[in-house]
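# Mind folding the following:
(one chain, ligands or ions: 1)
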Amino acid sequence: MTTICYPVPPFTPSCIRQPTSSLRRQSHSPPPSLSLSTAHATTSTTTLLPLPPPPPPPPLDISATEPTLTCALNCSHFQSCSGCTHEFNLHRPIILDDVTNFLRRYGVSDFTFDTCKLWGWRCRAKLAVRGSSTNPLIGLYEEGTHNIVDIPQCKAHHPNINAAVELLRQGITEFNVEPYVEDEGTGDLRYVQMAVTTYNTSLPAAERYKNGKVQVTLVWNSRNENSASSEKLNSLANFLWKNGGPRSKLHLIHSVWANFQTSTNNIIFGNRWRHMLGERDFWEHVGGIDVSLAPSSFGQANTRAFDTLLRKLHKYVPYGSSVADLYAGAGVIGLSLAAARKCRSVKCVEINKESKASFEKTIDRLPATVDSNITWHNADASKDPFSWLVDSDVIVIDPPRKGLDVSLVEALHNISSIERRVISSERSNSVKEEKRPWVLRAKEASVQIGSKQSPENIPQSVPQTLIYISCGWESFKEDCKSLLSGKVWYLDKAHGFNFFPGTQSIEVLAVFKRGPQKKKAGKKKKK
Ligand SMILES: C[S@@+](CC[C@H](N)C(=O)[O-])C[C@H]1O[C@@H](n2cnc3c(N)ncnc32)[C@H](O)[C@@H]1O
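Below is the predicted model:
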């Protein structure tokens, strides 16, 4: 499936067939027969005379008056499940109007939006397990309640997630596994995380996505694997492996993991993980590199769209730059930049220590040509943020939905003071480089790879480019206004990606530059 990327036209109310709120209560339209992203012309093979070339397809005008029902979610769970809020025009989330207007106000008139894959896009899902062993419910909460909606035919899930959920359901019943009871804190199985790897080099590239394999993590309600119920856990894991593993007809399971969690709060995972069956390492291929993702590390839900975003992002990072990747997870963004843009250095900062192992595995598979000084720091990016900003040409920030911590916004505001510090330290040469906090922290809790240039020898630089990747539009708006208010940064470019079709969220890639805003070349006025 290919994706279509186009500049977003101004808001045209007529292109919205019905408001979403009323749609949520309506029954459904026929299944899609043709989608914007899969449409292709058929050709005859019996024609003897050469045919004239086909006329070029008309430009895609998404403001056209008739929305396509082919871009409808068409999911039987829509009315009850809280996962999707948006039933029609999946290719054009309603929020786009606000996005386009906002960005235009701040100087970006060439915003583009990539429609990405509209169904079967979700390669990572965390689902609650409730109900009973004879009637398990595996799904999401109903809006505003603690009732779980079973979603066996979810249209957002990669189809193999749904197939793995079905297998799990059978296993729960066969081995009398008790789903978790929230009020009492009893039961065996609390949640399941399903993560799909779509990277299987033994298959032709075109078949890899649909043949994705699922890493299943069973979140078990016990302190560890020695509890009274572990026999059931083993039986359930073996059942999944026997019926879904490589020797089964289905072959959709990649591996089975257990996570142990007894806390009564609503945090899904506990601290204890156990690999049970299948391959331990889970590989994906995005942004031009192989990346390892342990079940405990953050992974993007929409693999395809993330790959598209990374390839766009690469273009904004000059070759040989030094990059700070804040809120880095397993360092996927920073490492793909190290490979694609031959970065001088890449510094990843991430609060979750569990991501470190995945980062190290990814490093081992980087092409031999990568010659960057790469570090990964287990630290809070909002504490002493200056120390993470100094010595980088490009800052990449990819915070959680709530957006940036105030301290980081302030540091970005005051970035000029870094410049002054750098200049004065270069002049006086009196400050010992080793005293810089990030170097010290690097020694305590970090990984350093490719130390051909020690940080002390890297020429000092001050960030000129800030790339903000956001999955939370409302928080992005606030952060953006705040960043621009100091007139230290200006907004140069922005792109949107349909990371979460069916919802009101999109992923935004915004590029800020330092210094006074350059006038964009426009039409010259006639004198
Ligand atoms: C949206 S994810 C992005 C991860 C990574 N960039 C990727 O694309 O795989 C946000 C990440 O920020 C991390 N995080 C949250 N708060 C943080 C903080 N204060 N300092 C550093 N990392 C943080 C989370 O653990 C998570 O891995």
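
# What parts of the stretch 351-500 of the chain come near the ligand?
Residues of the stretch 351-500 of the chain lying close to the ligand (C-beta under 6 Å from any ligand atom) are 351, 352, 380, 381, 382, 398, 399, 400, 405. (C-beta placed from N, C-alpha, C; glycine too.)

# Looking at neighbours, which among those residues is most surrounded?
Counting neighbours by other C-beta atoms under 10 Å, residue 381 leads those with 25 neighbours.

# Show me the helices in the chain, by range?
Remark: helices assigned in the chain by DSSP state H are 20-23, 95-105, 159-174, 205-208, 230-244, 303-314, 332-340, 355-364, 386-389, 406-413, 415-428, 437-445, 473-485.

# could you say what helices and strands the fifth one packs with?
Packed against helix 230-244, as judged by 3 or more C-beta pairs under 8 Å, 6 or more residues apart in numbering; DSSP states H and E, are the following elements: helix 159-174, strand 213-220, strand 253-260, strand 272-278.

# what's the angle from it to helix 159-174?
130 degrees (axes from the mean of the first three to the mean of the last three C-alpha atoms, to 10 degrees).

# mind listing what's buried in helix 230-244?
230, 232, 233, 234, 236, 237, 238, 239, 240, 241, 243, 244 (16 or more other C-beta atoms under 10 Å).

# so which of those residues are also by the ligand?
Counting by C-beta under 6 Å from any ligand atom, no member of those is near the ligand.

# got the contact list for residue 330?
Contact analysis of residue 330 by C-beta atoms under 8 Å, 6 or more residues apart in numbering lists 291, 292, 293, 294, 297, 298, 299, 350, 355, 358, 359, 362.

# and if you look at residue 218?
Contact analysis of residue 218 by C-beta under 8 Å, 6+ apart lists 189, 192, 233, 236, 237, 256, 257, 258, 259.

# Export those as a markdown table, with columns for pLDDT and distance to residue 207.
Listed next are the contacts of residue 218 as a markdown table, based on pLDDT from 0 to 100; distance: C-beta to C-beta, whole Å:
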| residue | pLDDT | distance to residue 207 |
| --- | --- | --- |
| 189 | 98 | 32 |
| 192 | 98 | 26 |
| 233 | 98 | 33 |
| 236 | 98 | 30 |
| 237 | 98 | 28 |
| 256 | 98 | 24 |
| 257 | 98 | 26 |
| 258 | 98 | 31 |
| 259 | 98 | 31 |
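
# Relative to the ligand, which of those is nearest.
residue 259 (16.2 Å; C-beta to the nearest ligand atom).

# The closest one: how many residues sit nearby?
Neighbours of residue 259 (other C-beta under 10 Å): 21.

# Show me the beta-bridge partners of it.
Going by DSSP bridges, residue 259 is paired in beta bridges with residue 219, residue 273.

# Could you check how far it is from residue 186?
18 Å (C-beta to C-beta, to the nearest Å).

# Give me the below-cutoff pLDDT ranges for the stretch 51-200 of the chain.
51-68 (pLDDT under 70).

# count of neighbours near the residue of it found nearest the ligand?
Using C-beta to the nearest ligand atom, residue 124 is the residue of the stretch 51-200 of the chain that sits closest to the ligand, at 10.8 Å. Applying other C-beta under 10 Å, we find 20 residues neighbouring residue 124.

# these two touch, right, it and residue 298?
No: using C-beta atoms under 8 Å, residue 124 is not in contact with residue 298; the gap is 9.4 Å.

# joint contacts of those two?
Contacts common to residue 124 and residue 298, judged by C-beta under 8 Å, 6+ apart, are absent.

# Would you mind listing what in the stretch 201-350 of the chain touches the ligand?
So far as C-beta under 6 Å from any ligand atom goes, the stretch 201-350 of the chain lies against the ligand at 298, 300, 327, 328, 329, 332, 333, 349, 350.

# Could you list which residues are in contact with residue 185?
Per C-beta under 8 Å, 6+ apart, neighbours of residue 185: 221, 262, 264.

# now the residues you listed: which count as buried?
Using 16+ other C-beta under 10 Å, the buried members of the contacts of residue 185 are residue 221.

# just to revisit the earlier point, let me have the helices of the chain in JSON lines, extended by distance to residue 517.
Converted to JSON lines, the helices of the chain look like this (distance: least, C-beta to C-beta, whole Å):
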{"stretch": "helix 20-23", "distance to residue 517": "36"}
{"stretch": "helix 95-105", "distance to residue 517": "13"}
{"stretch": "helix 159-174", "distance to residue 517": "45"}
{"stretch": "helix 205-208", "distance to residue 517": "42"}
{"stretch": "helix 230-244", "distance to residue 517": "55"}
{"stretch": "helix 303-314", "distance to residue 517": "21"}
{"stretch": "helix 332-340", "distance to residue 517": "25"}
{"stretch": "helix 355-364", "distance to residue 517": "36"}
{"stretch": "helix 386-389", "distance to residue 517": "21"}
{"stretch": "helix 406-413", "distance to residue 517": "16"}
{"stretch": "helix 415-428", "distance to residue 517": "16"}
{"stretch": "helix 437-445", "distance to residue 517": "30"}
{"stretch": "helix 473-485", "distance to residue 517": "9"}
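
# quick one, what contacts residue 294?
Residue 294 touches 273, 282, 330, 354, 355, 357, 358, counting by C-beta under 8 Å, 6+ apart.

# For the buried ones among those residues, write the corresponding ChimeraX selection.
Only the buried entries of these go into this ChimeraX selection, using 16+ other C-beta under 10 Å:
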select :282,330,354,355,357,358
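
# Counting neighbours, what do you get for the residue lying closest to residue 399 once chain neighbours are set aside?
Of all residues not flanking residue 399 in the chain, residue 327 sits nearest, at 4.7 Å (C-beta to C-beta, 6 or more residues apart in numbering). Residues near residue 327, counting by other C-beta under 10 Å, number 22.

# what do you get for residue 180?
As a burial measure, residue 180 scores 21 neighbours (other C-beta under 10 Å).

# Just confirm it contacts residue 130, I think it does.
Yes: if you go by C-beta under 8 Å, residue 180 and residue 130 touch, sitting 6.5 Å apart.

# burial count for residue 472?
Residue 472: 17 surrounding residues under other C-beta under 10 Å.

# quick revisit: can you tell me which of the helices and strands packed on helix 230-244 is most buried?
Comparing the helices and strands packed on helix 230-244 by mean neighbour count (mean count of other C-beta atoms under 10 Å), strand 213-220 ranks first with a mean of 26.

# quick one on the thing from earlier: of all the helices of the chain, which gets the most neighbours per residue?
Across these, averaging neighbours per residue (mean count of other C-beta under 10 Å) puts helix 332-340 on top, at a mean of 26.
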